[in-house]
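Peer 1: Please find the sequence and the predicted model below.
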Amino acid sequence: MKPSSPEPEATERRFSPAEIAELCGLPAAVVRRWIAQGLLVPRRGSVEEFPFRALGLARALADLWRARWTAPRIFRAWQLARTVVADADAALTGLVASIGQKRVTVRTPDGRLVEPGGQLLFDFGEVARRARILPNLRSPDDWFQVGVDAEAAGRLEDAVRAYERALASGNAEAHFNLGNCHYALRRRPEAAAQFLAATAMQPGYAEAWNNLGIVRGELGDRDGSIEALRAALALVPHYADAHYNLAEALAVIGDIDGAKRHWRAYLSFDPNSRWADRVRRRLQMPPLDRN
């Protein structure tokens, strides 16, 4: 998940219902039923765009659907799962543990197996699975894939632990993904450190420079924010989101003329985005009175 200003979703990959269906190997009508049931929720301000986390939810829903769970059954079980798992997304993905069970069973984000009502179950199958699989997870590349899967499923703390084990690979993307997880968990200093590490390891990583600029700005480092965003644009001059973020950063320090240049650039590259009207309003801002 890539953070953006003013909301974390702005630079995140977006998926249409048709794309979710294709990526999960599902009929489009099934995905539409989940949307109508409220199991998949679109991005704010949109009816046809879904955030990255929706893909992880859809994969969990696909497992339930292939086990012949109907949308109403999933919804009822989800309501029960939410009595023991506060996070709605984690409650939904945790329902996969119910497949093959006679009653609703939920896998919590920390790995416990519980029933609605809070009854903790001893999970013989999970103990055996961990004993079989975990010793084989020796390489950083293995842990990176574990992190990717956990992040897609919304299990961010698990993803953090996995990505930390993947850092030994020297893979800049492991630092980048770890930064995104820290950001989603509202750990701004940790996120900034990981984005900076990604750029140090791979100086041409424009997305990492962009995200570093965003987090630095939120931490109050205005000069550092502008420097990082300029670095992103030096690498990818048509990077619309970096233009937007740099414009916002310049506006904060009172450089309205500079901000307008980058807002115009943003519109030239992404004129139909959900932020386009906001940018057009920004362009109506009067010039700064320097007298």
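Peer 2: Structure's in. What do you need?

Peer 1: Any idea which helix or strand in the protein has the lowest mean pLDDT?
Peer 2: Counting by mean pLDDT, DSSP states H and E, the chain has its least confident helix or strand at helix 124-133, which shows a mean of 44.

Peer 1: next structured bit after it?
Peer 2: Going down the chain from helix 124-133, the next helix or strand is helix 140-152, by DSSP states H and E.

Peer 1: If you count neighbours, what's buried in that following helix?
Peer 2: Within helix 140-152, the residues that count as buried by 16 or more other CB atoms under 10 Å are 140, 142-144, 146-148, 150-152. Glycine gets a C-beta too; all of them are placed from N, C-alpha and C.

Peer 1: out of those residues, who's nearest A86?
Peer 2: A150 (18.0 Å; CB to CB).

Peer 1: separation between that closest one and A247?
Peer 2: Using CB to CB, to the nearest Å, one gets 34 Å for the distance from A150 to A247.

Peer 1: Take the buried residues of helix 140-152 and lay them out in TSV including distance to L92 and pLDDT.
Peer 2: Below are the buried residues of helix 140-152 laid out as TSV (distance: CB to CB, whole Å; pLDDT from 0 to 100):
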residue	distance to L92	pLDDT
P140	30	85
D142	26	84
W143	25	87
F144	25	88
V146	20	84
G147	20	86
V148	19	86
A150	15	82
E151	16	84
A152	13	80
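
Peer 1: Out of these, which comes closest to A198?
Peer 2: Nearest to A198 among these: F144, at 13.3 Å, using CB to CB.

Peer 1: from what I can see that closest one touches L167, true?
Peer 2: No - using CB atoms under 8 Å, F144 makes no contact with L167, being 9.1 Å away.

Peer 1: Name the residues contacting each of those two.
Peer 2: Shared between the contact lists of F144 and L167 (criterion: CB atoms under 8 Å, 6 or more residues apart in numbering) are residues A174.
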